[in-house]
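Enquirer: Mind looking at a prediction? Sequence and model below.
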Amino acid sequence: MAITTKDIAKLANVSQSTVSRCLNDSSMISEKTKKRVLKIAQEHGFQFNAHARSLSANKTYTIGVILPKSLFDFEGEMHFRSWQNELIESLERMEFDVMVSFFENRFTKQNNIQRLITAKKVDGLIILEPSLDDETITILEETDIPFIFCKYLPSFYKTKDVDFVCVDQFKGGYIATDHLLKQGHKNIISISANHIGGEFDLRTEGFKASLRDHNLQYDKDMVFYGDTTFQSGYQVIKDNIKKLKNITAIFVQNDLMALGAISALKECGINVPGDMAVVGFDDIELCTFYKPYLTTVCQPTKEIAALTCKRLIEKLNSTDSDLKQKLEISPTLVMRESCGINL
């Protein structure tokens with residue numbers, strides 16, 4: 001038989017109304033009494049009615065996570081699966097429910113951010129979508145629901161004060177290139193992508209800065225462009241194989257393109273890492289599925305997810321909505337075989 005608030009009141013030697021206030025975290029009850037009542041409730045497996053709590057506190061205890069539409073593609077799924085999992089895990093540890101959605105309903109084209117805010121389905125939003133239209137920006141600016149950007153900062157907000165947690169993409173491009181240069185490679189190219197969100201532009205800027213710091217000249221012909229897919233990395237190499245005659249290292253700005261590039265290099269009789277060193281970016285699972293294992297820049301998704309969720313919960317509990325935080329987390333280089341590291 002399920003335990004009731006009346007049973008808990010009897011065990012705790014308090015009134016039933018006191019039990020109710022404890023379960024709803026009322027400021028009218030001392031912390032000592034709350035802890036004692038909650039402990040008894042937990043020990044006896046009391047199932048608190050979360051819906052009743054949400055009505056009384058005007059809270060849903062649900063966080064909306066807005067994923068980018070690129071997740072529908074294979075390369076997007078490979079990249080964002082870990083981001084999604086880490087965010088959900090962090091929120092569940094904080095005892096929040098999670099509602100995962102996309103910026104736009106694929107079938108009705110309805111704006112899901114507007115829907116979640118208008119219907120008051122969530123207490124806060126974590127947004128990983130880099131492209132927002134003017135209507136959505138207006139909705140976010142006018143809402144009382146706290147939101148935070150994770151990984152991407154839409155261009156509209158780059159000059160505005162807004163909460164944001166991301167990876168230092170510039171540093172990632174820098175350390176990847178710096179590693180190759182310190183290994184003695186002087187003739188290096190990079191494979192980038194024209195992609196919404198600006199992260200590839202920052203990686204390219206890091207590439208350029210590292211070259212300058214090693215007293216090497218940057219030329220626009222040193223950067224080639226794919227579309228983030230395995231096939232595009234493969235095709236860049238195939239289409240430009242004659243230009244690689246004196247090249248000894250390639251910084252490829254995402255892992256799928258890097259794996260595609262390595263496949264094409266092998267077909268062209270170029271050994272990796274013997275003839276050509278390759279560094280990727282992201283550290284997706286496939287990096288250790290094929291030989292040689294890929295040296296790559298790791299984005300610390302677990303740390304970023306934890307900080308994003310922590311910051312959002314702080315905003316939920318704060319009355320100072322004007323205080324904003326922008327956090328850039330440093331990436332790290334994971335050493336594997338594609339640069340000559342033997343495992």
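Expert: The structure has been received and is ready for your questions.

Enquirer: Any stretches of the stretch 151-300 of the chain with poor pLDDT?
Expert: 159 (pLDDT under 70).

Enquirer: need the strands for it, in chain order.
Expert: Along the stretch 151-300 of the chain, counting by DSSP state E, counting those that start in this stretch, strands occupy 164-167, 188-193, 223-226, 249-252, 277-282, 295-298.

Enquirer: Correct me if wrong: L286 contacts G260.
Expert: No: the pair L286 / G260 is not scored as a contact, 10.8 Å apart, by Cβ atoms under 8 Å. (C-beta placed from N, C-alpha, C; glycine too.)

Enquirer: and these two? which has more neighbours close in?
Expert: Between L286 and G260, G260 has the larger neighbour count (other Cβ atoms under 10 Å), namely 24 against 16.

Enquirer: Distance of the more buried one relative to F281?
Expert: G260 is 13 Å from F281, where distance means Cβ to Cβ, to the nearest Å.

Enquirer: Could you do S318 as well?
Expert: 35 Å.

Enquirer: Neighbour count for the two, which is higher?
Expert: When S318 and F281 are compared for neighbours, F281 comes out ahead with 28 against 11, by other Cβ under 10 Å.

Enquirer: and the closest residue to that one other than its chain neighbours, bridged to which residues?
Expert: Nearest in space to F281, with sequence neighbours left out and distances taken as Cβ to Cβ, 6 or more residues apart in numbering, is V297 at 4.5 Å. Beta bridges link V297 to F281, L333, judged by DSSP bridges.

Enquirer: Count the neighbours of V297 for me.
Expert: Neighbour number of V297 under other Cβ under 10 Å is 28.

Enquirer: same check, this time on the one 3 residues further on
Expert: Taking other Cβ under 10 Å as the criterion, the count of residues near P300 is 16.

Enquirer: contacting residues around it?
Expert: V167, I329, P331, T332 (Cβ atoms under 8 Å, 6 or more residues apart in numbering).

Enquirer: Could you tell me which of those residues count as buried?
Expert: Among the contacts of P300, those classed as buried by 16 or more other Cβ atoms under 10 Å are V167, P331.

Enquirer: Looking at the contacts of P300, which one is closest to G197?
Expert: Within the contacts of P300, proximity to G197 (Cβ to Cβ) peaks at V167, which comes in at 11.5 Å.

Enquirer: Return the distance of that closest one relative to L181.
Expert: Distance, V167 to L181, by Cβ to Cβ: 21 Å.

Enquirer: Over to P292?
Expert: According to Cβ to Cβ, P292 and L181 sit 20 Å apart.

Enquirer: I237 now?
Expert: In terms of Cβ to Cβ, I237 sits 21 Å off from L181.

Enquirer: now do G269
Expert: In terms of Cβ to Cβ, G269 sits 25 Å off from L181.

Enquirer: of these two, who's got more company?
Expert: L181 (18 against 8).

Enquirer: which non-adjacent residue is nearest the more buried one?
Expert: The shortest distance from L181 to any non-neighbouring residue, by Cβ to Cβ, 6+ apart, is to H214 (4.7 Å).

Enquirer: Summarise which helices and strands the biggest helix by length in the chain is packed against.
Expert: Longest helix in the chain, counting residues (DSSP state H): helix 74-93. When contacts are defined as 3 or more Cβ pairs under 8 Å, 6 or more residues apart in numbering; DSSP states H and E, helix 74-93 packs onto strand 62-67, strand 97-102, helix 255-267, helix 301-316.

Enquirer: what do you get if the cut-off is 10 Å, keeping everything else the same?
Expert: Counting contacts by 3 or more Cβ pairs under 10 Å, 6 or more residues apart in numbering; DSSP states H and E, helix 74-93 packs against strand 62-67, strand 97-102, strand 124-127, strand 147-150, helix 230-239, helix 255-267, strand 277-282, helix 301-316.
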